[in-house]
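Colleague: pasted the sequence and its predicted model underneath.
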Amino acid sequence: MGNSTSTPPARLPKDFMWGFATASFQIEGSTDKDGRGKSIWDDFSRTPGKTRDGGNGDIATDSYARYKEDIALLRQYGVRAYRFSIAWPRIIPLGGRADPVNERGIQWYSDFIDELIKNGITPFVTLYHWDLPQALHERYGGWLNREVVADFEHYARVCFAAFGDRVKYWLTMNEPWCVSVLGYGRGVFAPGRSSDRARSAEGDSSTEPWIVAHHVILAHASAVRAYRESFKPKHGGVIGITLNGDWALPYDDSPENVAAAQHALDDPIYLGHYPDFMHEMLGERLPVFTPDELTLVKGSSDFYGMNTYTTNLCKAGGDDEFQGLVEYTFTRSNGTQLGTQAHCAWLQTYPQGFRDLLNYLYKKYKKPIYVTENGFAVKDEHAMSLEDALHDADRVEYFRGMTDAIARAVAEDGVDVRAYFPWSLLDNFEWADGYETRFGVTYVDYVTQKRYPKDSGKFLAKWFAENVENSGSTTPRLSTGGASLDNLPTTQLIGTWPAVVRTRGAKL
Ligand code: PNW
């Protein structure tokens, strides 16, 4: 694979899908509207100390109420597709397969999908982006109990039946690693279980994350089987899962660090079994797939769905099982930094790693790749004036590197990348970070709920307008008058911050 950046890459093919990604709990708000049940994030985010700034999901970006405005914004950016997630507790408020289906929840997503299609935007739907119905957590321990596999399959079937005539791209799960490790190991995400008794009264970080991950994988694979058997024949769409996929580089040439970097890249969905290293590390704590389950899991994704943000330099050692006994750093052996530091500790810019990851995955698995998230949170953006926040130079630099990497991976390396969804359309509820960390290409003023495109959003709109072969119908509207991107106000300064976005300094 090459790494030349001197000549411009060839254009992406005309059916290349690009758009922005979001998730229900991070943007919708309206948690008590239209019969929605509670999710595990509702009370968790309202519990003091669980989010960095005390923020919760009650209002978020108010996108449940403002969905037409959000879709108009997507249209201004000229996107071809939009990745969003469905909130399970809006569809089945109590979550289970014998519990009532909520027609008002179905109607809302149905209207939403129609509005996207009316605007020429292809819906790309995630079924589970972390908002498990609270009732299932209380009933049987949620992801810890195998019951959840059949309940998830049922929920998925309800969605396929209601929306499958219009939705042709499905993701079952977003990032199993975050669900299991952050929710049941480190305890920083809902439901917040952990062996750390300062953090949680209940939980066992040595066993629960692996049990949860096992059920997440089986739930995913069961939903895929249901889709392929009962819906795909008439609807003809594709379905898969999306994994955390950061690139891993050895810290240096030592054989143990080279092996450490490889551990970070193996996963059971595409291998069809747990990687050997996991057996060695976990012994009998690693759940066992029956032969039937192995058949169910292998090949259970039509494509390689990947959320990728950064590259880690890997050193063998340490005792962190959630990183496969590998230590991560961004400081090279010569003392320099890998790239530009984001607001979150785990993220630095490194576009060559993105190109290398795309090449690695395509050579290894030979499946089309859908990049379902990729993005950057500018350091201290929350503390800037609106005007400064809109000139998000570090995020522009990030996306300039990543778009160049994608274009070269496709045009020069022959990698089959079909879609790219920068995270995120809007600043939004960034989980345990609350509203402090901003990933949006659009600034959200949480007092007024006004949206303001940042330089990065304009950069991406222009880049894709110029670098995807024109299919005729989806040219971005950069200056259509009225609410065009260029006419939106960029100078209004934020006066007072609401309590919800004020930093309390609580570090997680
Ligand atoms: C992803 N990490 O989460 C999620 O899919 C989004 O909902 C989220 O807003 C986005 O990335 C930005 O954080 C991650 O600790 C959470 O490495 C944590 C990590 C990575 C991704």
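Modeller: The structure has been received and is ready for your questions.
Colleague: contacts, neighbours, all on C-alpha from now
Modeller: Will do.
Colleague: strands of this structure, start to end?
Modeller: Using DSSP state E, the strands assigned to the chain run over residues 17-21, 81-85, 122-128, 169-174, 238-244, 247-250, 304-307, 311-316, 326-329, 369-373, 417-420, 442-445, 450-453.
Colleague: can you lay out those strands as CSV showing distance to Arg97?
Modeller: Converted to CSV, the strands of the chain look like this (distance: least, CA to CA, whole Å):
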stretch, distance to Arg97
strand 17-21, 29
strand 81-85, 20
strand 122-128, 15
strand 169-174, 17
strand 238-244, 21
strand 247-250, 38
strand 304-307, 27
strand 311-316, 40
strand 326-329, 40
strand 369-373, 29
strand 417-420, 33
strand 442-445, 37
strand 450-453, 39
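Colleague: mean pLDDT added to the ones you listed, as TSV?
Modeller: Converted to TSV, the strands of the chain look like this (pLDDT from 0 to 100):
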stretch	mean pLDDT
strand 17-21	98
strand 81-85	99
strand 122-128	99
strand 169-174	98
strand 238-244	96
strand 247-250	97
strand 304-307	97
strand 311-316	97
strand 326-329	96
strand 369-373	98
strand 417-420	98
strand 442-445	98
strand 450-453	98
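Colleague: columns distance to Tyr360 and mean neighbour count on top of those, output as a markdown table?
Modeller: Shown next, in a markdown table, are the strands of the chain (distance: least, CA to CA, whole Å; neighbours: other CA atoms under 10 Å):
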| stretch | distance to Tyr360 | mean neighbour count |
| --- | --- | --- |
| strand 17-21 | 21 | 25 |
| strand 81-85 | 25 | 24 |
| strand 122-128 | 25 | 23 |
| strand 169-174 | 21 | 23 |
| strand 238-244 | 15 | 22 |
| strand 247-250 | 9 | 22 |
| strand 304-307 | 12 | 23 |
| strand 311-316 | 13 | 24 |
| strand 326-329 | 20 | 20 |
| strand 369-373 | 11 | 24 |
| strand 417-420 | 12 | 21 |
| strand 442-445 | 32 | 22 |
| strand 450-453 | 34 | 20 |
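Colleague: and those: which comes nearest Ser39?
Modeller: Minimum separation from Ser39 across those (CA to CA) falls at strand 122-128, 11.5 Å.
Colleague: what's the angle between the closest one and strand 81-85?
Modeller: 20 degrees (axes from the mean of the first three to the mean of the last three CA atoms, to 10 degrees).
Colleague: note down every partner strand of strand 122-128 and its orientation.
Modeller: strand 81-85 (parallel), strand 169-174 (parallel) (DSSP bridges).
Colleague: what does that strand contact?
Modeller: If you take CA atoms under 8 Å, 6 or more residues apart in numbering as the criterion, strand 122-128 is touched by 80-88, 113, 116-117, 156, 167-174.
Colleague: and if you look at stretch 400-408?
Modeller: Residues outside stretch 400-408 that contact it (CA under 8 Å, 6+ apart) are 5, 9-12, 350-352, 354-355, 417.
Colleague: for the most centrally placed residue in the chain, list each beta-bridge partner.
Modeller: Most central in the chain under CA atoms, centre = their mean is Glu373, positioned 5.2 Å from the mean C-alpha point. Glu373 forms beta bridges with Asn307, as assigned by DSSP bridges.
Colleague: now for it: which residues touch it?
Modeller: Applying CA under 8 Å, 6+ apart, the residues near Glu373 are 21, 306-309, 420-424.
Colleague: adding distance to Gly245, write the strands paired with strand 122-128 out as TSV.
Modeller: TSV is the format used below for the strands paired with strand 122-128 (distance: least, CA to CA, whole Å):
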stretch	distance to Gly245
strand 81-85	17
strand 169-174	12
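Colleague: for those, which one sits closest to Gln337?
Modeller: strand 169-174 (29.4 Å).
Colleague: how deep is the residue nearest to Asn119 when sequence neighbours are not counted tucked in, by neighbour count?
Modeller: Excluding the flanking residues, the one nearest Asn119 by CA to CA, 6 or more residues apart in numbering is Arg75, at 6.8 Å. Arg75 sits with 23 neighbouring residues when counted by other CA atoms under 10 Å.
Colleague: can we start the residue count at 25 from this point?
Modeller: New numbering, starting at 25: the last item is Arg99.
Colleague: how much space separates Arg99 from Glu490?
Modeller: Distance, Arg99 to Glu490, by CA to CA, to the nearest Å: 16 Å.
Colleague: swap in Met197?
Modeller: Using CA to CA, one obtains 32 Å as the distance from Met197 to Glu490.
Colleague: how about Val191?
Modeller: In this view, Val191 and Glu490 are 27 Å apart by CA to CA.
Colleague: higher neighbour count, these two?
Modeller: Val191 (20 against 14).
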